[in-house]
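Novice: Predicted coordinates and the sequence they were generated for:
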Amino acid sequence: MSGFSPEWLALREPVDHRSRSSDIAQALAARFQKRQKITVVDLGCGTGSNLRATMSLLPSEQQWTLVDFDEQLLAVAKRTLMDWADRAEADADGLLLDKDGKRIAVQFQRADLNRDLDSALGLKPDLVTAAALFDLCSPAFIKAFRQGACRSAGGVLYCAHVQRHSAVDTAAAE
């Protein structure tokens, strides 16, 4: 899936963030509260909005892999995250960010999730996240994701999706 402009995503980001369930956000934070580190894969990351909305709920050391099919969105995500962070440095592998007392390492991966979902999930992340991705997917993709990739990831799934102008968050434990 491609064709979303960074400008359009920037316009919807504040509404998407406000529309998330605080109960589910608290449950996610509680799930990882005793951990120092976490690995996260964000599928269909766009410009990195999900990282910006979710990082405060997670442990102080975070390793994010932002996955999208659109190279332009990945480039905008990198620039946007660098501007958003309190401190940012780029390295060959991605970014190292400091934000609100959190240390966030970010890698960027271009992938066609229809073909490369298992590869995009990497080596069992602690958390798989997506925002609005599943609103754009076929029932066959969602079934394959649920039956295979989600279980093999071995972690928690946190999704925010907008349907008919109302936001719904979903969390599933191991």
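Specialist: That came through fine. Fair warning: this is a prediction, and the values are worked out from it, not measured in the lab. Residues are numbered from 1 along each chain as shown.
Novice: Specify the local secondary structure of the spatially most central residue of the chain.
Specialist: Among the residues of the chain, Asp42 comes closest to the average C-alpha position under C-alpha atoms, centre = their mean, at 2.8 Å. Of the three states, Asp42 takes strand under DSSP: H, G, I helix; E, B strand; the rest coil.
Novice: Mind listing the residues bridging to it?
Specialist: When assigned by DSSP bridges, Asp42 has beta-bridge partners Leu66, Thr129.
Novice: mind listing what it touches?
Specialist: 48, 50-51, 64-67, 129-130 (C-beta atoms under 8 Å, 6 or more residues apart in numbering). All C-beta spots, glycine's among them, are computed from the backbone N, C-alpha and C.
Novice: can you list the residues that contact the helix or strand hosting Glu89?
Specialist: Assigned by DSSP states H and E, Glu89 belongs to strand 87-91. Strand 87-91 has contacts (C-beta under 8 Å, 6+ apart) with 78, 81-82, 95-98.
Novice: Give the buried residues for it.
Specialist: For strand 87-91, the buried set under the neighbour-count rule, 16 or more other C-beta atoms under 10 Å, comprises Ala88.
Novice: next one: that strand to chain centre, how far?
Specialist: Chain-centre distance of strand 87-91: 19 Å, with C-alpha atoms, centre = their mean, to the nearest Å.
Novice: Which positions within whatever helix or strand comes next after it qualify as buried?
Specialist: Next along the chain after strand 87-91, taking DSSP H and E as the criterion, comes strand 94-99. For strand 94-99, the neighbour count (16+ other C-beta under 10 Å) marks 94-95, 97, 99 as buried.
Novice: For these, could you give me CSV that also reports pLDDT?
Specialist: Putting the buried residues of strand 94-99 into CSV (pLDDT from 0 to 100) gives the following:
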residue, pLDDT
Gly94, 95
Leu95, 98
Leu97, 98
Lys99, 98
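Novice: which one of these sits closest to Leu57?
Specialist: If you rank those by distance to Leu57 using C-beta to C-beta, Lys99 comes first, at 12.8 Å.
Novice: Pretty sure that closest one sits against Met82.
Specialist: No: Lys99 lies out of contact with Met82 (C-beta atoms under 8 Å); the separation is 10.9 Å.
Novice: circling back: export the contacts of strand 87-91 as CSV, with columns for distance to Pro139.
Specialist: What follows is the contacts of strand 87-91, written out as CSV (distance: C-beta to C-beta, whole Å):
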residue, distance to Pro139
Lys78, 33
Leu81, 33
Met82, 38
Leu95, 35
Leu96, 39
Leu97, 36
Asp98, 41
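Novice: from those, which is closest to Gln109?
Specialist: Closest to Gln109, out of all of the contacts of strand 87-91 and judged by C-beta to C-beta, is Lys78, at 12.0 Å.
Novice: Nice, that's everything, thank you.
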